[in-house]
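> Dropping the sequence and predicted coords here.
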Amino acid sequence: MEFLSRKVKSNGQIDTRQMNGATVGLRNKRSESAMSPAPPAPRDKTRVPFIAGKQSLAASDWTCTYEMDRDRIGVWGSGDGQSNSRLSGLDRLKHPGLNKGMAFSIEERQVMGIHGLLPPRVKSQEEQVHLCKLSIERYEDPLNKYIYLMGLLDRNEHLFYRFVGENVADMMPIVYTPTVGLACQKYGLVYRRPRGLFITIHDKGHVYDILKNWPETDVRAIVVTDGERILGLGDLGACGMGIPVGKLALYTALAGIKPHQCLPITLDVGTNTQTMLDDPLYIGLKQRRVRGAPYDEFIDEFMKAVVRRFGQNCLIQFEDFGNANAFRLLEKYRGKYCTFNDDIQGTAAVAVAGLLASLRVTGKKLSENVIVFQGAGEASLGIAGLCVMAMMAEGTEEAVARSRIWMVDSKGLIVKDRPEGGLNEHKAKFAKDHPPVRTLAEVVSLAKPSVLIGAAAIGGAFTPEILRCMGENNEKPVIFALSNPTSKAECTAEAAYSNTDDRAIFASGSPFPEYRAKDGRILRPGQGNNSYIFPGLALGIICAGIVDISEDFMLLAAEALAEIVSDDDLSQGSLYPPLKDIQNCSVKIAKKIVEHAYKTGKASVQPQPDDTEAFIRGQMYDVRYSPAVPPVYGWPNDEPHVQQM
Ligand SMILES: NC(=O)C1=CN([C@@H]2O[C@H](COP(=O)(O)OP(=O)(O)OC[C@H]3O[C@@H](n4cnc5c(N)ncnc54)[C@H](OP(=O)(O)O)[C@@H]3O)[C@@H](O)[C@H]2O)C=CC1
Ligand SMILES: CC(=O)C(=O)O
Ligand SMILES: [Mg+2]
């Protein structure tokens with residue numbers, strides 16, 4: 001869908017290509033490398049006063065003619081209350097960052113030229129939140145709830161974030177897992193309005209130009225996917241866009257990172273899922289995945305273009321890339337760009353936080369546990385690596401720490417002399433000197449783990465037999481079914497409890513309802529999901545201007561989260577704080593991250609604030625409406641929009 005029709009007249013070559021009927025990919029005559037030393041200063045198009053019709057803008061050696069589209073200008077745009085604050089009339093009501101709906105006061109309505117465009121009654125934001133609750137409850141189908149919420153986000157950002165923020169436990173399963181998985185599978189159906197950037201492999205050579213089409217310049221955080229491993233649902237190609245959109249909604253809802261500073265991006269390099277390719281509703285490129293050098297060059301160009309457009313401190317969170325690319329790209333870019341991989345590192349931090357909290361129940365040290373992983377991919381290897389680090393922090397030798405960990409992949413136990421071979425360097429570090437063992441059940445009875453962690457997207461892999469074995473070998477077996485969405489969970493909470501005489505300490509990636517134990521206790525399983533980590537981590541990174549996001553930050557985040565878990569949480573069977581407290585968790589994690597960054601010389605924002613928490617809170621988004629700023633006289637229609645009383 002074309003969202004901003006424009007023509008560029010440069011005195012050099014114009015490279016336009018037709019795609020889906022829209023003209024895209026506009027290029028200055030000079031190549032990117034020839035643009036050095038400095039590209040033209042980023043232009044904040046949102047600051048261009050709205051004038052219907054055409055307008056010429058000069059920016060360094062660019063001469064652009066923009067065909068302003070009344071309906072589209074400022075569809076997103078800054079919610080910072082400044083760059084678009086002068087929008088008035090219908091445009092103000094259509095701008096999600098500025099719209100207050102019926103909460104505009106009579107005075108504001110008159111000043112902004114929207115008097116009469118709204119029903120006469122003025123509502124408070126609290127009343128609006130109540131209406132949101134009534135509205136969403138009318139839908140039974142979670143996908144319809146998702147569509148309602150995305151519609152609310154498109155209409156009124158402040159209200160969306162207040163509503164989600166005040167109802168985190170109820171809204172997270174809609175905006176995020178499990179419903180977001182369904183939304184991705186049906187993205188061709190639920191997609192309504194532009195949200196985020198789709199950059200395709202055919203845009204290679206023009207990635208910077210696509211980034212320039214984004215109407216915000218103060219972007220501090222990007223969540224990017226190439227759609228290859230969307231939750232445990234596999235390769236959904238461009239339909240994976242629901243994930244960056246959902247994750248960034250949590251950036252704001254859970255950590256107060258301002259919406260206009262967040263940019264969801266899908267890199268569409270095709271999909272290998274035949275049902276997607278055959279689906280007439282599929283929204284992405286209908287071709288098989290591009291791999292190899294062209295893929296790597298594309299990602300490289302993307303990384304450079306982000307820095308060129310938004311600066312070196314712009315955080316790039318990799319999300320739901322396929323296994324073969326995720327590790328490679330993390331190794332390639334970490335330390336050079338402000339980047340982390342949430343599936344490897346964020347998941348590691350949340351799982352280790354849960355394990356650290358579990359020690360208060362089991363009375364053990366982490367290194368006294370034996371941990372079996374079902375899966376040896378991004379999530380499992382990330383967790384295993386951070387477990388080793390945490391055990392070493394307890395004073396355990398690395399080799400001993402590694403010996404505590406057993407990993408099972410699609411071929412069985414990871415052993416040194418695997419007949420099939422094919423152990424990558426990450427798996428090899430955990431390979432056992434043991435003959436092959438094929439099934440998880442056999443590994444569990446052999447290793448007798450105290451902790452069993454599943455992240456292989458094999459729903460039901462923790463069979464009653466395996467769970468019973470965990471219960472027989474442990475007074476308090478720790479069982480994490482981390483795969484998402486719910487259908488991929490290794491077991492339900494109920495199965496974990498009922499097969500262990502209600503003794504299991506359980507956590508899951510997607511939420512499960514509370515469970516009544518046989519002795520009448522209500523157990524509330526915690527959600528071992530990286531959403532407890534990435535929002536606070538990102539907040540800290542942004543506030544301190546950290547570029548090199550090393551593993552010590554992940555262990556720190558895990559420890560910070562574990563510290564917040566109360567005895568009350570533990571007595572209710574949860575290794576995590578309740579979701580309703582997750583915003584405070586984010587701030588506490590961010591605080592630790594910021595303090596550590598200053599201590600280790602990794603903070604680029606100077607000087608160091610005296611009061612870290614006040615410094616962080618001062619930068620956070622306020623979900624309450626701010627008073628509308630009156631328009632400047634003489635703009636946009638040479639008449640102030642003030643009605644005579
Ligand atoms: N709760 C949370 O916060 C998070 C949860 N996850 C979830 O974890 C799951 C896996 O994600 P991720 O690690 O990134 O995926 P990967 O594709 O990187 O890894 C999947 C792993 O599962 C293994 N596997 C596949 N089939 C089997 C089988 N039958 N028995 C044992 N192992 C098997 C694969 O084996 P092989 O190596 O041989 O191919 C691979 O090691 C997903 O469902 C995802 O949603 C992910 C991130 C965060
Ligand atoms: C939670 C998450 O990041 C995943 O399942 O991929
Ligand atoms: Mg993920």
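Yes, it's here. Ligands and ions are numbered 1, 2, ... in the order given.
> For residue 222, pull up the helix or strand it's in.
Per DSSP states H and E, residue 222 falls inside strand 221-225.
> Spell out which strands sit alongside that strand in the sheet and which way each one runs.
Sheet pairing here is set by DSSP bridges, and for strand 221-225 it gives strand 262-268 (parallel), strand 315-318 (parallel).
> Backbone dihedrals for residue 370, both of them.
Listed backbone geometry of residue 370 is phi -110, psi 130, with angles given as degrees, to the nearest 10.
> my guess is it contacts residue 402, does it?
No. Distance between residue 370 and residue 402: 11.9 Å, which falls outside the contact criterion (Cβ atoms under 8 Å). No exception for glycine: its C-beta is placed from N, CA and C like everyone else's.
> Comparing these two, which shows the higher neighbour count?
It is residue 402, of residue 370 and residue 402, that has more neighbours when counted by other Cβ atoms under 10 Å, with 19 against 16.
> show me what contacts the more buried one?
Contacts for residue 402 were tallied using Cβ atoms under 8 Å, 6 or more residues apart in numbering; they are 388, 429, 430.
> quick one: which of those is most hemmed in?
The most neighbours of any of those, using other Cβ under 10 Å, belong to residue 388, which has 22 neighbours.
> Make sure I have this right: that one is in a helix.
Yes. Going by DSSP: H, G, I helix; E, B strand; the rest coil, the assignment for residue 388 places it inside a helix.
> confidence score at residue 486?
pLDDT for residue 486: 97.
> Am I right that it is in contact with residue 180?
No. With contact taken as Cβ under 8 Å, residue 486 and residue 180 are classed as non-touching, separated by 11.7 Å.
> Those two: which is more packed in?
Between residue 486 and residue 180, residue 180 has the larger neighbour count (other Cβ under 10 Å), namely 25 against 20.
> Now that one, what are its backbone angles?
Dihedral angles for residue 180 - degrees, to the nearest 10 - are phi -60, psi -30.
> show me what contacts whichever residue of the stretch 201-350 of the chain sits closest to ligand 1?
Residue nearest to ligand 1 within the stretch 201-350 of the chain (Cβ to the nearest ligand atom): residue 232, separated by 2.6 Å. Contacts for residue 232 (Cβ under 8 Å, 6+ apart) come out as 457, 459, 483, 484, 485, 488.
> again, 10 Å this time
If you count contacts by Cβ atoms under 10 Å, 6 or more residues apart in numbering, residue 232 has them with 177, 181, 375, 379, 455-459, 482-489, 509-510.
> Just list the residues touching the closest residue to ligand 2 within the chain, thanks.
At 3.7 Å from ligand 2, residue 484 is the closest residue in the chain, using Cβ to the nearest ligand atom. Taking Cβ under 10 Å, 6+ apart, we find residue 484 in contact with 176-178, 180-181, 230-233, 379, 455, 457, 508-510, 529-530.
> That one belongs to a helix?
No. Assigned with three-state DSSP, residue 484 falls outside any helix and is coil.
> Residue 507 is in what secondary structure piece?
Mapping residue 507 onto the secondary structure by DSSP H and E places it in strand 505-508.
> still on that earlier bit, next step: the contacts of residue 484 restricted to helices.
With helices taken from DSSP state H, the overlap with the contacts of residue 484 comprises 180, 181, 379.
> Enumerate the residues of this structure near ligand 2.
The chain has residues 177, 231, 320, 342, 343, 484, 509, 529, 530 near ligand 2, with proximity defined as Cβ under 6 Å from any ligand atom.
> please redo it, this time with the cut-off set to 8 Å
Within the chain, the positions lying close to ligand 2 (Cβ under 8 Å from any ligand atom) are 176-177, 229-232, 243, 247, 319-320, 342-343, 346-347, 379, 482-485, 509, 529-531.
> For residue 142, which residues are in contact?
Counting by Cβ under 10 Å, 6+ apart, residue 142 touches 173, 174, 178, 179, 180, 182, 183.
> ugh, typo on my part, it should be residue 599
Neighbours of residue 599 in contact, by Cβ under 10 Å, 6+ apart: residue 608.
> Ramachandran coordinates for it?
The phi/psi pair for residue 599 (degrees, to the nearest 10) is phi -70, psi -40.
> From ligand 1, how far out is it?
Distance, residue 599 to ligand 1, using Cβ to the nearest ligand atom, to the nearest Å: 28 Å.
> Return the distance of stretch 501-515 from the chain's centre.
Computed by Cα atoms, centre = their mean, to the nearest Å, the separation of stretch 501-515 from the middle of its chain amounts to 24 Å.
> Does that stretch reach ligand 1?
Yes. Counting by Cβ under 8 Å from any ligand atom, ligand 1 is contacted by stretch 501-515 at 508, 509, 510.
> Next, the buried residues of that stretch.
Of the residues in stretch 501-515, those with enough neighbours to count as buried (16 or more other Cβ atoms under 10 Å) are 502, 504, 505, 506, 507, 508, 509, 510, 511, 512, 515.
> Grab the nearest non-local neighbour of the third one.
Ranked by Cβ to Cβ, 6 or more residues apart in numbering and with sequence neighbours excluded, the top spatial neighbour of residue 505 is residue 478, at 4.8 Å.
> rewinding a little: neighbouring strands for the strand holding residue 507, and are they parallel or not?
For strand 505-508, the pairing partners within the sheet under DSSP bridges are strand 478-481 (parallel), strand 526-527 (parallel).
> tell me the most buried of the ones you listed?
Stretch with highest mean neighbour count among the strands paired with strand 505-508: strand 478-481 (a mean of 29; mean count of other Cβ atoms under 10 Å).
> hmm, who's touching the helix or strand following it?
Tracing the chain C-terminally past strand 478-481 and defining elements by DSSP H and E, one meets helix 493-498 next. Contacts of helix 493-498 with the rest of the structure, by Cβ under 10 Å, 6+ apart, involve 452, 460, 462-464, 467-468, 470-471, 477-481, 489-492, 502-508, 511-518, 523-526, 573.
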